[in-house]
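Q: A structural model of the following input is requested.
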Amino acid sequence: MQRTTVWSWLVGGVLLVAQTGFSLAGFGIASDGDAGAPLAGLGAALCTLSACLVYAFGLRAGESAVAGRPAGVALLLGLGALSVFQAAWWAGPRGYGSGIEAALTAAAGGVVAYVLAFAAAVYIVRVGVIPAPWSWIPLAAVTLGLGLAAFFALVVPVVSSNAAGGAGVLPATIPALVGVVSIVLSVTTSPAAPRRRVSTVRALPQG
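A: Now for the predicted structure:
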């Protein structure tokens, strides 16, 4: 059977690469002291939301990374919506220019985003539309991103305050890595049949 391109995975991958591009551009602008950095962050968030929509619903039947199931769709949409809301808030008058309180609020939003991303990645593994072992890539990426963020935020400043800027730069590159994998899978792999929902209540032995 002739292989066809999985357009949802291709478009979603391109959006994730674009997200990283906007994020890195924002870091570069911020290092130059330009107030346009929050706008780059908003562009990255819109890419995130678009990618979440594509992976949640699929551009064609059978291409949803979560098999179109409500829990998976809700997790992806929640992640995308939170990204846009947080970026829009950060770009506004109560955002990046408001001092330490705004920074703490942004950090709390980042934690919630990681929780949603982790839950969505676990759901992708469980539903099985993306064949193993590739279905584990999003979960590994989220775990790596959280580890890098924690390392650069908590460990590196103790050793060298000059290196603390990597706290945002390195984790921001991870969506692009996932995007590249998604693009490659879109032309080398086909979606698998989703696994059946498994009840958590096991039948008791008869007799």
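Q: Which strand or helix spans the residue nearest the centre of the chain?
A: Centroid check for the chain by Cα atoms, centre = their mean gives A117 as the closest residue, at 5.7 Å. Using DSSP states H and E, A117 sits in helix 100-127.
Q: Centre of the chain to that helix, how far?
A: 9 Å (Cα atoms, centre = their mean, to the nearest Å).
Q: Could you do stretch 47-54 as well?
A: Per Cα atoms, centre = their mean, the centroid offset for stretch 47-54 relative to its chain is 9 Å.
Q: Give the buried residues for whichever strand or helix holds V142.
A: Assigned by DSSP H and E, V142 belongs to helix 137-150. Buried residues in helix 137-150, counted by 16 or more other Cβ atoms under 10 Å: I137, P138, L139, A141, V142, T143, G145, L146, L148, A149. Using the backbone N, CA and C atoms, a C-beta is placed for each residue, glycine as well.
Q: Quick check: mean pLDDT of that helix?
A: For helix 137-150, mean pLDDT is 86.
Q: just to revisit the earlier point, how about the contacts made by the spatially closest residue to the residue nearest to the centre of the chain that is not a sequence neighbour?
A: Excluding the flanking residues, the one nearest A117 by Cβ to Cβ, 6 or more residues apart in numbering is V142, at 4.7 Å. Applying Cβ atoms under 8 Å, 6 or more residues apart in numbering to V142 gives the contacts Y114, A117, F118, A121.
Q: Go through those residues and say which is closest to T48.
A: When the contacts of V142 are compared for distance to T48 (Cβ to Cβ), A117 wins out at 9.7 Å.
Q: Show me the helices in this protein, by range?
A: Secondary structure of the chain (DSSP state H): helices located at 7-31, 37-57, 70-91, 100-127, 137-150, 156-159, 166-188.
Q: Mind giving me the packing neighbours of the third one?
A: Just to be clear, that refers to helix 70-91. Using 3 or more Cβ pairs under 8 Å, 6 or more residues apart in numbering; DSSP states H and E, the elements in contact with helix 70-91 are helix 37-57, helix 100-127.
Q: Just give me how far the shortest one sits from the chain centre.
A: What separates the centre of helix 37-57 from the centre of its chain is 9 Å, taken as Cα atoms, centre = their mean.
Q: now this protein, which segments are flagged as low pLDDT?
A: 1-3, 29-36, 93-103, 152-168, 197-207 (pLDDT under 70).
Q: can you count the residues close to G68?
A: By other Cβ atoms under 10 Å, 17 other residues sit near G68.
Q: How about the contacts made by it?
A: Counted by Cβ under 8 Å, 6+ apart, G68 has contacts A56, F57, G58.
Q: Also A44?
A: Contacts for A44 (Cβ under 8 Å, 6+ apart) come out as Q19, T20, F22, S23, G26, S83, A87.
Q: same check, this time on L53
A: Taking Cβ under 8 Å, 6+ apart, one finds L76, L77, G80 in contact with L53.
Q: how close does the residue nearest to V17 when sequence neighbours are not counted get to F151?
A: Leaving out its chain neighbours, the residue that sits closest to V17 by Cβ to Cβ, 6+ apart is G179, at 4.1 Å. G179 sits 23 Å away from F151, going by Cβ to Cβ, to the nearest Å.
Q: Which one's more surrounded, those two?
A: Taking other Cβ under 10 Å, G179 and F151 do not tie; G179 has more neighbours (24 against 14).
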